[in-house]
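J.: Need coordinates for the following:
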Amino acid sequence: MILNETVMSVAIPRLMTEFSVTAATAQWLTTAFMLTMAVVIPTTGLILTRFSTRAVFLAAMGTFTAGTALAAAAPVFPVLVAARVIQASGTAVMLPLLITTVMTFVPVSRRGRTMGLISIVIAVAPATGPTFSGFILANLGWRWMFLAVLPIALVAVVVGGVLVRNITTPRAVPVDVLSIALSATAFGGLIYGLSSIGESTEGNAAVSPAVPLLLGSGALTLFVWRQIRLQRRDAALLDLRPFRSRTFSVGIGMMLISMGALFGTLILLPMLLQNVMGLTTLETGLV
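T.: Model prediction:
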């Protein structure tokens, strides 16, 4: 799943030609993935509380697998974007599930070692994604980026279905619909606004980027205000109290800058290397 976040970057120039779309349109293969992650992740605390560990795992892994299969068979560009959204829905649930499972199930004495192992996977997978896709594109068609991952995902579903056990007890906690709506509007609006800046410079944006950015900022302000009120009785969709820790807040800020630089570069650099400098997909992936 982590590999899948960066695997599309090298393929964007190829897919621009394959589907006859502009660079601003092609970048939605990455943007739609991130947009979905941003909307779904704040709800995962609620999902993990209301449903069993095994059910959430199977749903998340099954959704990712279905999205991967759809992407491999996509006949037109909108279907490929929709497949990326489905993949992201599974990924967004799996990552918090992974951390929650470790913190609940793994003894304190082994927790550091386990989190270190997870960190290695999370660090290595995105780094190898572009090289992996560059190799695939140099030797096979773009659909093999998904076909190569599909058997692994299917094995994970089957093995997980056998081995994963319920380690939490589901509870019927109340759902704050307003918080979910504000969260989706806030994070979705901000990411859509930032992503549409490129389209607006070419005059292709459906609306001015200022509109979703202002809407997202306003919704984020209301979301934070509502969470602060709800967390007084432990009913918040997203508990914001960890931000009282300076170390946590600084770490999140650094992560925000790092990921922005990473994914901004991953979208732009392959187009420069392939369309301007004439490098092959494999050379681009290695860069």
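J.: Every contact and neighbour count from this point should use C-alpha atoms.
T.: Will do.
J.: and the worst-scoring helix or strand of the chain on mean pLDDT, C-alpha only, in CSV?
T.: The helix or strand of the chain with the poorest confidence is helix 197-201; it has a mean of 73 (mean pLDDT, DSSP states H and E). Coordinates of the C-alpha atoms in helix 197-201 are reproduced here as CSV (Å, rounded to 0.1, in the frame of the first residue of the first chain):
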residue,chain,number,x,y,z
ILE,A,197,-3.5,25.9,-8.9
GLY,A,198,-1.6,24.3,-11.8
GLU,A,199,-4.8,24.0,-13.8
SER,A,200,-5.8,27.6,-13.1
THR,A,201,-2.6,28.9,-14.6
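J.: Which residues does that helix contact?
T.: Contacting residues not belonging to helix 197-201 are listed as 24, 25, 205, 208, 209 [CA atoms under 8 Å, 6 or more residues apart in numbering].
J.: which regions of the stretch 51-200 of the chain sit below the pLDDT cut-off?
T.: Scanning the stretch 51-200 of the chain for pLDDT under 70 picks out 199.
J.: mind listing the helices for it?
T.: Secondary structure of the stretch 51-200 of the chain by DSSP state H, counting those that start in this stretch: the helices cover 53-73, 77-105, 108-139, 144-147, 150-163, 177-195, 197-201.
J.: got a list of contacts for the first one?
T.: This means helix 53-73. By CA under 8 Å, 6+ apart, helix 53-73 touches 1, 47-48, 79-80, 83-91, 93-94, 97, 143-147, 149-150, 153-154, 156-157, 160-161, 164-168.
J.: gap between it and the chain center?
T.: 14 Å (CA atoms, centre = their mean, to the nearest Å).
J.: That one vs helix 77-105, what angle?
T.: 160 degrees (axes from the mean of the first three to the mean of the last three CA atoms, to 10 degrees).
J.: So which bits of helix 53-73 are buried?
T.: 53-54, 56-72 (16 or more other CA atoms under 10 Å).
J.: Residue 30 versus the closest residue to residue 243 other than its chain neighbours, what's the distance?
T.: In space, and not counting its chain neighbours, residue 243 is closest to residue 249: 5.3 Å by CA to CA, 6 or more residues apart in numbering. According to CA to CA, to the nearest Å, residue 249 stands 26 Å off from residue 30.
J.: what about those two, which has more around it?
T.: residue 30 (23 against 13; other CA atoms under 10 Å).
J.: before we move on, which element is that one in?
T.: Per DSSP states H and E: residue 30 is located in helix 28-40.
J.: same for that helix, what does it pack against?
T.: helix 77-105, helix 177-195 (3 or more CA pairs under 8 Å, 6 or more residues apart in numbering; DSSP states H and E).
J.: I'd say residue 286 and residue 127 touch.
T.: No - using CA atoms under 8 Å, residue 286 makes no contact with residue 127, being 9.9 Å away.
J.: before we move on, the earlier item: reformat the helices and strands packed on helix 28-40 as TSV; add distance to residue 227.
T.: Shown next, in TSV, are the helices and strands packed on helix 28-40 (distance: least, CA to CA, whole Å):
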stretch	distance to residue 227
helix 77-105	19
helix 177-195	8
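J.: possible to save those helices as CSV with distance to residue 11 and mean neighbour count?
T.: Output for the helices and strands packed on helix 28-40, formatted as CSV (distance: least, CA to CA, whole Å; neighbours: other CA atoms under 10 Å):
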stretch, distance to residue 11, mean neighbour count
helix 77-105, 13, 20
helix 177-195, 18, 21
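J.: Spatially, what comes nearest to residue 87 if we skip its sequence neighbours?
T.: Using CA to CA, 6+ apart, the nearest residue to residue 87 is residue 64, at 4.2 Å.
J.: Residue 5 contacts residue 127, doesn't it?
T.: No - counting by CA under 8 Å, residue 5 does not reach residue 127; the two are 10.2 Å apart.
J.: who's more crowded, those two?
T.: residue 5 (21 against 17).
J.: just checking, what packs against whichever strand or helix holds that one?
T.: Using DSSP H and E, residue 5 sits within helix 2-6. Here helix 2-6 touches helix 108-139, going by 3+ CA pairs under 8 Å, 6+ apart.
J.: what angle do the helix it packs on and helix 77-105 make?
T.: 160 degrees.
J.: Just put the helices of the stretch 51-200 of the chain in JSON lines and tack on distance to residue 10.
T.: Listed next are the helices of the stretch 51-200 of the chain as JSON lines, based on distance: least, CA to CA, whole Å:
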{"stretch": "helix 53-73", "distance to residue 10": "16"}
{"stretch": "helix 77-105", "distance to residue 10": "16"}
{"stretch": "helix 108-139", "distance to residue 10": "6"}
{"stretch": "helix 144-147", "distance to residue 10": "11"}
{"stretch": "helix 150-163", "distance to residue 10": "19"}
{"stretch": "helix 177-195", "distance to residue 10": "18"}
{"stretch": "helix 197-201", "distance to residue 10": "19"}
